[in-house]
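Chemist: Sequence and predicted structure are below.
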Amino acid sequence: MKKLLTFLSSFCLITTSSLLVISCKNTINASKKEDHKENEHMPSDQPQEDKTKKEKPKPKRLATEEEKKKLETIFKEQENAFGTFHTYKDVVDQLLVYANEKGLKDITLVDGLNPNEHLKEDKEGKSQNVVKLKLYGSDVTFKPKKVLKDEVETIYSEDKKKIKQIGYKTNVIIKETYNNETRKNEKITLTNIKINKIKDSVTEVPKHLPLKIDSLTEAFQQSKAKIIKNLENWNTKNIKNMISVFDSAKEFNQDISSWNTSNVVNMSGMFKDAIKFNQPLNKWSVENVVEMEDMFAGASSFNQDLNKWKTHSLKNIKQMFWEATSFNGDISTWDVSKVTTLYNSFADATSFNRDISKWDVSNITNMEGTFGRAKAFDQNLNSWNVEKVTTNRNFNKDITDKLNGNKLPKFKVQITY
């Protein structure tokens, strides 16, 4: 009996141990499975093969002989069209303007060339500059001939009626400004790339305005042309100054409403004395324009609405519509909150009679001659805030029968004549 009990006891131990071992193994296996599942979602320190490995860019196709010939034609036409102010990148950007017209969409500098390197002066036209390019996958070389110091020359047809190549050069302006901190006048040097003044006989210009030009100041001043072929096609997106562009162009009356004026800051005198000009300009973006002094002064035919203009940057409209005798366009929505002078702004604008009573004139100090001899004007300006106005001489000269009494702003200073 004792032996039997001993045997049964041993059997139970073995069985229990086996069960424990089996149980432990199952627990370990289950734990490993759970660890494996967790590890599937854990970042690994081991380098993994990039399944989304980027494919190497395919080599570009070679240019056809026809495409190369097209580009060679452009090279020939533009061989004297660059100056020392052009970088290699400028050259490519300009060539692409002409190339795109011919269906050539891919011109780049070869690898290793510094895009910011400038062309070297080459007055004798000895092709000292070598610009290595790629036309698609083919190597091509552009060798400008004459490269002038900070200038590109204007080339005219023999009869001086057509411009074959637009000329332009670096223009340095020295301005004097008052420094409030030092209480002294200081000189500021400003530099721009200005188009050369165009002869008054010109009736045709190239379709493309060079990208480097940022000033059209006095470009067509005193032009005798009514229409200038291709002018409406110019891309003026880089232009900042349009000062006196058509000043005294007495026959000019061309639609240039498609011009991009989004970067222009100064339009002073742009159509001054352009006595026949009367084209729509309401689509122009003028949100960066600060100066409009004399813009339509003497433009006696101009009469277009300008109510879509965003004028929140505008500071100067001195004499803007002076002697614009036909003008009665809608300008009621203008923001003139930064304007400081209305000196002669509507003087002799004998047709003007628009409601501008909602203008914010709170920063204006000078209202001298604002509506002098503007014989049609009889709007009520009683609500204008004229607290800062210190000068109002001749404000309503010769129209006191129309603009008087309760229609006048509540000036602190008496109007004198």
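Modeler: Happy to help now that I have it.
Chemist: make it CA atoms for all contacts and neighbour counts henceforth
Modeler: Noted.
Chemist: Backbone dihedrals for Lys68, please?
Modeler: Note on Lys68: its backbone torsions stand at phi -60, psi -40 [degrees, to the nearest 10].
Chemist: Could you pull out the strands in the protein for me?
Modeler: 82-83, 107-109, 131-135, 138-142, 147-148, 151-152, 155-156, 163-165, 168-179, 184-195 (DSSP state E).
Chemist: domains for the chain, by residue range?
Modeler: Annotated domains of the chain cover 65-148, 153-339 [automatic domain parsing].
Chemist: Show the contacting residues for Thr390.
Modeler: 365-366, 412-413 (C-alpha atoms under 8 Å, 6 or more residues apart in numbering).
Chemist: returning to that earlier point: most packed of the domains of the chain?
Modeler: Stretch with highest mean neighbour count among the domains of the chain: domain 153-339 (a mean of 19; mean count of other C-alpha atoms under 10 Å).
Chemist: same question for it, mean pLDDT?
Modeler: For domain 153-339, mean pLDDT rounds to 97.
Chemist: Put together JSON lines for the strands of the chain, with distance to Gln304 on each row.
Modeler: Shown next, in JSON lines, are the strands of the chain (distance: least, C-alpha to C-alpha, whole Å):
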{"stretch": "strand 82-83", "distance to Gln304": "39"}
{"stretch": "strand 107-109", "distance to Gln304": "43"}
{"stretch": "strand 131-135", "distance to Gln304": "47"}
{"stretch": "strand 138-142", "distance to Gln304": "47"}
{"stretch": "strand 147-148", "distance to Gln304": "43"}
{"stretch": "strand 151-152", "distance to Gln304": "37"}
{"stretch": "strand 155-156", "distance to Gln304": "34"}
{"stretch": "strand 163-165", "distance to Gln304": "31"}
{"stretch": "strand 168-179", "distance to Gln304": "32"}
{"stretch": "strand 184-195", "distance to Gln304": "28"}
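Chemist: Asn385 is nearest to which of those?
Modeler: strand 168-179 (27.9 Å; C-alpha to C-alpha).
Chemist: Adjacent strands (with direction) for that closest one?
Modeler: strand 151-152 (antiparallel), strand 184-195 (antiparallel) (DSSP bridges).
Chemist: Mind putting the ones you listed into CSV with distance to Ser313?
Modeler: Formatted as CSV, the strands paired with strand 168-179 follow (distance: least, C-alpha to C-alpha, whole Å):
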stretch, distance to Ser313
strand 151-152, 32
strand 184-195, 20
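Chemist: So for Asp247, which of these sits nearest?
Modeler: Once those are compared by C-alpha to C-alpha, strand 184-195 is nearest, at 15.2 Å.
Chemist: Report the contact partners of Asp150.
Modeler: 83-85, 169-170 are the contacts of Asp150 under C-alpha under 8 Å, 6+ apart.
Chemist: out of the strands of the chain, nearest to Ser262?
Modeler: Of all these, strand 184-195 comes closest under C-alpha to C-alpha, at 17.2 Å.
Chemist: gap between the closest one and the chain center?
Modeler: A distance of 20 Å separates the C-alpha centroid of strand 184-195 from that of its chain, computed with C-alpha atoms, centre = their mean, to the nearest Å.
Chemist: Please apply the same query to stretch 153-170.
Modeler: 25 Å.
Chemist: got the end-to-end distance for it?
Modeler: Criterion C-alpha to C-alpha, to the nearest Å; first-to-last residue distance in stretch 153-170 is 12 Å.
Chemist: quick one, helices of the protein?
Modeler: 2-41, 65-77, 88-101 (DSSP state H).
Chemist: Least confident of those helices, on average?
Modeler: helix 2-41 (a mean of 41).
Chemist: Would you confirm that Leu104 contacts Glu67?
Modeler: Yes: contact criterion C-alpha atoms under 8 Å: Leu104 and Glu67 qualify, at 7.2 Å.
Chemist: Sounds good, over and out.
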